[in-house]
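>>> quick one, structure for this:
(2 chains)
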Amino acid sequence: MLVISFVLFAILSLAPGDPLAQFAANPSVPPEVRDNIRRSLGLDDPWPVRYVKWLFALSHGDWGFSFGSRIPVWDLLKLRIPSTLAVVGVAYLFSLTLALPIGIFSALKQYSLFDHIATTFAFIGFSVPTFFTGLLLIIFLSVKLNWLPFIYDSTLQVRDLASLGQQVRQSIMPILVLALFQTATLVRYTRASMLENLPQDYVRTARAKGLAETSVVTRHVVRNSLIPVVTLIALSAPAVFSGAIITEQIFRVPGIGSLLITSIQNNDIPVIMAITFTFSFLVVIFNMVADVLYGVLDPRIRYD
Amino acid sequence: MATGITARELIRPATVADDALRRPSRSLWSDAWRQFRRHRLAMFGVVVFAILLVATLIGPFVYRASSDAIDYSQGLLGPSLAHPFGTDDLGRDLLARVLLGGRVSMAVGVFAVLIAITLGTTVGAVAGFFGGRVDSLLMRVTDIFLALPVLPLLLMVTYLFRDPLKRVFGPELGIFLLIVGVIGALNWMALARLVRAGFLSIKQKEFVEAARCVGASNRRLMANHILPNTLSAVIVAATVGVGQAIITESALSFLGLGFPPDMPTWGRLLYDAQNFLDLAPHWAIFPGLMIFLIVLSINYIGDGMRDALDPRKTQ
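As a prediction, the model looks like this:
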């Protein structure tokens, strides 16, 4: 983690681009004032010094101030994280409930019509980029059919049933876009893992014992097949957050993804740093979760 | 004997040895190709990919409409005979722009993957071959790269470094180099692991030991003896990588952080189109469809190759 944050910080600091460029363009801010602001933000120090300072502050839970909006980065993040989490979380749950049964069923009935439809669908969902699905959904569901609003209204507050309905309606498309991609990946993986397990000896043993086919499948095959799938779910969680960056941009969802893009455009280093750091933190955490889960679920794997 | 069976065969059933003698020699690659042709969807992928490739390479010479002639009276028209893909808000012909954009998108995909392959195989080969401390050092580096959040980092780097590169190489080449370099530099890790795993298992084999006894240098062992045996994994990963790189480039352009507006890549076209979805849906649909088709065909090809090069599946 330390190394990652160091690399990120170095790239950011070595990059040309002045966070105070917006003042430079403003003639009412004299150069002396600009220098003062620079000093107060601590930009005078060479970047390794700034890195140590940043790290030190972070250990107290202080993410620093946003250059652009002049409020603590943490407050800014707190505003944005809930909408991202809501969209990503629901999409994730949705794709899980959809993908597991589809994948299992299509592996059981390999080469059936259902299997062909499912694998084709998975392949397409896997190949189509999220920004294109997003635009297509907007064209068909909002422009042509006029069913759903295509801009996410961030000022909307859920107070009663009507506004709750509105919230649901405006979240449908972003969730759908994310869920489609995730479902496709999961279906492919579940199916492949099931197919690997089905012809194994222990399955034949279970059948030979006279177990009913349903209990062979649910108790034996599915349980074993889902071990790698669970790992994949944990490992791909950060990727879904990255996917959310694009989705948020299409539908104008005010989440951390769109915050990242605006702060990159404004050269708002503390915010960029906080978000990219959070992302890498997520990657590392989910990697560890995957490792631990693997050990718990699969008795063949033991950590010394 | 119209069926082509010789009298000798009628008397004595063809033995396996006979069969092997008569058949043209079979190499690994011809076997793989035979297997690959049987994969219908992969062949479909090859055909679609070839059509798109030819269209973007030769298309601009055959289809002569200008990609940047501005004509406001012809703005936002739907598909018609004069403009098969319609026009954008400035009245520019979209088919011409899509064809031109395809060149850039595909070039980005291919070059980015070349960088990724070079990096990935080198790191993987060195780590796997020498083992020990070199291995653990290189693998730590790989782990760190794996933990970097790719998309945010990509956005950051392309935005921050675009101006200096623009000054040095000119706006188009500069951004091209930047995007290709960054995508390549952030996508070699999976390949490095694959190659390393291959090297670890193959360097134990007897034939490597034999080659070493004959006095082959490390370099020769790696390049001529071990690497060819890990090649199938590399090829499959590279194919799928091209599709991923095209998607990544389009995503960057779509977020407005990719190529400049006068360079119509597919992602850039989508970015420009997203504000006119109600008036001109065709503007978004055609370039999007291109991205989708090319990635789909590449993925099918990759799938077919994976099956074809998997020795367990060959009969």
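>>> in the one helix or strand A:Phe105 maps to, what counts as buried?
A:Phe105 belongs to helix A:73-108 when assigned by DSSP states H and E. Neighbour counts using 16 or more other Cβ atoms under 10 Å in any protein chain shown place A:73, A:76-77, A:80, A:83-84, A:86-88, A:90-92, A:94-96, A:98-100, A:102-108 of helix A:73-108 among the buried residues. For every residue, glycine as well, the C-beta is placed using N, CA and C.
>>> flag every buried residue along the helix or strand following it.
Following helix A:73-108 in sequence order, the next helix or strand is helix A:113-127 (DSSP H and E). Going by neighbour count (16+ other Cβ under 10 Å), the buried part of helix A:113-127 is A:Asp115, A:Ala118, A:Thr119, A:Phe121, A:Ala122, A:Phe123, A:Ile124, A:Gly125, A:Phe126, A:Ser127.
>>> taking helix A:73-108 as reference, get the angle to helix A:113-127.
Following axes from the mean of the first three to the mean of the last three Cα atoms, to 10 degrees, one obtains 150 degrees for the angle between helix A:113-127 and helix A:73-108.
>>> the following helix or strand past helix A:113-127 vs chain B: in contact?
Next along the chain after helix A:113-127, taking DSSP H and E as the criterion, comes helix A:130-137. Yes. Contact between helix A:130-137 and chain B, assessed by Cβ under 8 Å from any Cβ of the partner chain, occurs at A:Thr130, A:Phe131, A:Phe132, A:Leu135, A:Leu136.
>>> between those, which is closest to A:Ser171?
Closest approach to A:Ser171 among the residues of helix A:130-137 next to chain B (Cβ to Cβ): A:Thr130, at 15.6 Å.
>>> and that closest one, what does it touch?
Listed by Cβ atoms under 8 Å, 6 or more residues apart in numbering or on different chains, the contact set of A:Thr130 reads A:Val177, A:Leu178, A:Phe181, A:Gly243, A:Ile246, A:Thr247, A:Ile250, B:Ala251.
>>> and the fourth one, how far is that from chain B?
Between A:Gly243 and chain B the distance is 8 Å, computed by Cβ to the nearest Cβ, to the nearest Å.
>>> tell me which other helices or strands the helix or strand hosting that residue touches.
Counting by DSSP H and E, the element that carries A:Gly243 is helix A:223-251. Using 3 or more Cβ pairs under 8 Å, 6 or more residues apart in numbering or on different chains; DSSP states H and E, the elements in contact with helix A:223-251 are helix A:73-108, helix A:130-137, helix A:161-197, helix A:256-265, helix A:269-297, helix B:150-169, helix B:227-254.
>>> let's go with 7 Å and repeat that
Applying 3 or more Cβ pairs under 7 Å, 6 or more residues apart in numbering or on different chains; DSSP states H and E, one finds that helix A:223-251 contacts helix A:73-108, helix A:130-137, helix A:161-197, helix A:256-265, helix A:269-297, helix B:150-169.
>>> close to chain B, is the longest one?
No. Counting by Cβ under 7 Å from any Cβ of the partner chain, chain B has no neighbours in helix A:161-197; the shortest distance is 10.0 Å.
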